[in-house]
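Chemist: Quick one: sequence and predicted model below, then my questions.
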There are 2 protein chains.
Amino acid sequence: MKEKKEDRRISRTRRLMHEALMALIVEKGYEEVTVQDILDRADVGRSTFYAHYRDKDELLLSSFEHLRTLFEVQQQAIFAARRTGRAPELNIVLELFRHTGEHHRLYKAIAGKRSGEMIRKYLYRYLYNLLIGPHTEMMKQRTTPPVPVEVTTHHLVSSLLSLITWWLDNNMPYPPEKMDEIFRRLSTPTLEAAFGRRAEEIITSEYSAGSVIAFYSQFIDRGCCPDK
Amino acid sequence: MKEKKEDRRISRTRRLMHEALMALIVEKGYEEVTVQDILDRADVGRSTFYAHYRDKDELLLSSFEHLRTLFEVQQQAIFAARRTGRAPELNIVLELFRHTGEHHRLYKAIAGKRSGEMIRKYLYRYLYNLLIGPHTEMMKQRTTPPVPVEVTTHHLVSSLLSLITWWLDNNMPYPPEKMDEIFRRLSTPTLEAAFGRRAEEIITSEYSAGSVIAFYSQFIDRGCCPDK
DNA sequence: TCTTTTATCGAACACCGTGTGTGATAAAAA
DNA sequence: TTTTTATCACACACGGTGTTCGATAAAAGA
């Protein structure tokens, strides 16, 4: 259980380099940042950098992985708390916005419009697994919805990603709860249409407790548009 | 009216360089392509390249601008034809998919997943102007829809862009007509929800003749969700 | 056809960022 | 204190960039 003590110098150097990279991304955009810039800003020797990371990308990735772990630990805590008392169902999208808001400085550098292609793809894959991953086997259904399932999932993930980046790039003008509501309003009717079902009972208070995906899988569990 | 005759050598060199870039993007992805690669592939002198373009980006941009002009000329021809006989209303999204499909080799290099950050932003701006641009002044309405107008427009444009790139990256498994239908199915209910209106009359045959945006502006012309 | 114009070539150049390797040094851990 | 090791400064080869220049060849113009 005990964490192995890490050399103070290591954590210090890593922290300096991460801070430098984040500041530089906000200033000139990720693509424009050079390893040289990071060395100058962090005041760290050249060989030291390469002792820790293979290149720029790996440094950025490790920043993201750190946040990712933080998020997942936090979610598991909430999940555990759910077992104890009767807590409301987990809304993963809302939690995601909250977590992003809490670390908005880092996420703005990592996911904002000044970030690069590489992290965009990484984020897409992460969100895909988060939203769609647990329900992939359910997708192998034989009914043919009006919109192909792959298109719907792609659309859903892209929407969330673009919504998050918009939020960050515009200095988070609304609270996470409002963003979650917006995402629900934008995506839920789309899901209905994609699966060819009527929408009445979806935009209701009953739904607001769950996640979009909870409802998504509900669609599929019922065999997809059973009343059509 | 007469086009100024361009030196044969110029068009030849430009063509060679464009072809080289497109082939290389498909092979290794835009970011990975170097000017050196282009020179080798096109069999063109170094100084010749820089006599035409400042850098990689400008070369790619000029490819896109060429396609853009082609599309716009074609659309104006259709628009002109509409005056003569009674032709169906212009569906800009359908036309966009048709045009993309006709030049799918080029668009796959330019807009596909192997393309770069820079062209993505350019494409976003272009689609934004195409879809939202003509209706910007209509957006300055005083009613407060459930989802902020900027978010809805951003979501709409991102959706179309991600749908187009998905189509290209997956070797266009459906015809443009189907893609237009998919986009309509995905975006129309979202627009309703965003503007807080009931959806009944939207997914109807009457609508299928027009463009999403035609309907979008219809929302706004009526003052946004008047029956709520 | 002959002349003029000019696009291309190729070679050289300085510049900058990258990634690797070295032994010396200082700071942490034991 | 002794041992371990992370950091440092410096040097190096490599590769891509963007510029310059005179020579050459291929167009355009008469």
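Modeler: Here it is on my side, so go on.

Chemist: Would you mark the buried spots in stretch A:172-191?
Modeler: By neighbour count on 16 or more other C-beta atoms under 10 Å in any protein chain shown, the buried set for stretch A:172-191 is A:172, A:174, A:176, A:178-191. The C-beta positions use only the backbone N, C-alpha and C, and glycine is treated the same way.

Chemist: actually stretch A:93-102, not the one I typed
Modeler: Across stretch A:93-102, burial judged by 16+ other C-beta under 10 Å covers A:V93, A:L94, A:E95, A:L96, A:F97, A:R98, A:H99, A:T100, A:G101.

Chemist: now that stretch: how far from the chain's centre is it?
Modeler: Taking C-alpha atoms, centre = their mean, to the nearest Å, one finds the center of stretch A:93-102 at 9 Å from the center of the full chain.

Chemist: Quick check: mean pLDDT of that stretch?
Modeler: Confidence for stretch A:93-102, expressed as mean pLDDT, is 95.

Chemist: repeat for stretch A:24-38
Modeler: pLDDT averaged over stretch A:24-38 gives 95.

Chemist: That stretch and chain B, are they touching?
Modeler: Yes: for stretch A:24-38, a contact with chain B is found by C-beta under 8 Å from any C-beta of the partner chain, at A:E31.

Chemist: and for stretch A:114-127, what are the contacting residues?
Modeler: Stretch A:114-127 is contacted by residues A:25-26, A:28-31, A:57, A:60-61, A:64, A:68, A:109-111, A:157-158, A:160-161, B:31, B:113, B:116-117 when judged by C-beta atoms under 8 Å, 6 or more residues apart in numbering or on different chains.

Chemist: In ChimeraX, how would I select the buried members of these?
Modeler: Those of these that count as buried under 16+ other C-beta under 10 Å are selected in ChimeraX with:
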select /A:25,29,30,31,60,61,64,68,109,110,111,157,158,160,161 /B:31,116,117
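
Chemist: What about the contacts of stretch A:114-127, which are in strands?
Modeler: When the contacts of stretch A:114-127 are checked against strands using DSSP state E, none is located there.

Chemist: taking the contacts of stretch A:114-127 one by one, which sit in helices?
Modeler: Among the contacts of stretch A:114-127, DSSP state H puts A:25-26, A:28, A:57, A:60-61, A:64, A:68, A:109-111, A:157-158, A:160-161, B:117 in helices.

Chemist: which of these lies closest to B:W166?
Modeler: Closest approach between those and B:W166, by C-beta to C-beta: A:S158, at 8.2 Å.

Chemist: Apart from its neighbours in sequence, what residue is nearest that closest one?
Modeler: Excluding the flanking residues, the one nearest A:S158 by C-beta to C-beta, 6 or more residues apart in numbering or on different chains is B:S162, at 3.8 Å.

Chemist: OK, contacts around the one you found?
Modeler: Residues in contact with B:S162 (C-beta under 8 Å, 6+ apart) are A:H154, A:H155, A:S158, A:S162.

Chemist: could these go into CSV alongside pLDDT and distance to B:M17?
Modeler: What follows is the contacts of B:S162, written out as CSV (pLDDT from 0 to 100; distance: C-beta to C-beta, whole Å):
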residue, pLDDT, distance to B:M17
A:H154, 94, 33
A:H155, 94, 36
A:S158, 95, 33
A:S162, 96, 33
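
Chemist: near DNA strand C, which residues of chain A?
Modeler: Applying C-beta under 7 Å from any atom of the strand, one finds that chain A approaches DNA strand C through A:5, A:7-9, A:34-36, A:46-47, A:50, A:54-56.

Chemist: Those in helices, which ones?
Modeler: Going by DSSP H, the helices hold A:R8, A:R9, A:V35, A:Q36, A:R46, A:S47, A:Y50, A:K56 from these.

Chemist: Using neighbour counts, give me the buried entries of those residues.
Modeler: A:V35, A:K56.

Chemist: Would you point out the most distant pair within the ones in helices among the residues of chain A next to DNA strand C?
Modeler: Longest distance between any two of these is 25.9 Å, between A:R8 and A:Q36; criterion C-beta to C-beta.

Chemist: Can you list the residue ranges for helices in chain A?
Modeler: Using DSSP H, helices in chain A cover A:8-28, A:35-42, A:46-52, A:56-84, A:92-102, A:104-111, A:117-131, A:136-139, A:149-169, A:176-195, A:205-208, A:212-221.

Chemist: What is the first one packed up against?
Modeler: Going back to what we said before, that points to helix A:8-28. If you count contacts as 3 or more C-beta pairs under 8 Å, 6 or more residues apart in numbering or on different chains; DSSP states H and E, helix A:8-28 packs onto helix A:35-42, helix A:46-52, helix A:56-84, helix A:104-111.

Chemist: what's next to the second one, contact-wise?
Modeler: This means helix A:46-52. When contacts are defined by C-beta under 8 Å, 6+ apart, helix A:46-52 is touched by residues A:I10, A:T13, A:R14, A:M17, A:V35, A:I38, A:L39, A:L59.

Chemist: farthest-separated two in these?
Modeler: Across the contacts of helix A:46-52 (C-beta to C-beta), the longest gap, 18.6 Å, separates A:I10 and A:V35.

Chemist: okay, now A:R12: neighbour count?
Modeler: Around A:R12 there are 11 other residues, counting by other C-beta atoms under 10 Å in any protein chain shown.

Chemist: Quick one: residues contacting A:T152.
Modeler: Here A:T152 is in contact with A:P145, A:T190, A:L191, A:A194, A:F195, B:L186 (C-beta under 8 Å, 6+ apart).

Chemist: how does it look with 7 Å?
Modeler: A:A194 (C-beta atoms under 7 Å, 6 or more residues apart in numbering or on different chains).

Chemist: ok, A:L161 - contacts?
Modeler: By C-beta under 7 Å, 6+ apart, A:L161 lies in contact with A:L123, A:Y124, A:L127.

Chemist: Next one: the second one relative to B:S158, how far apart?
Modeler: Which is A:Y124. Using C-beta to C-beta, to the nearest Å, A:Y124 is found at 12 Å from B:S158.

Chemist: Low-confidence stretches in chain A?
Modeler: Scanning chain A for pLDDT under 70 picks out A:1-4, A:85-89, A:137-143, A:196-228.

Chemist: So which residue is smack in the middle of it?
Modeler: A:L127 (5.0 Å; C-alpha atoms, centre = their mean).
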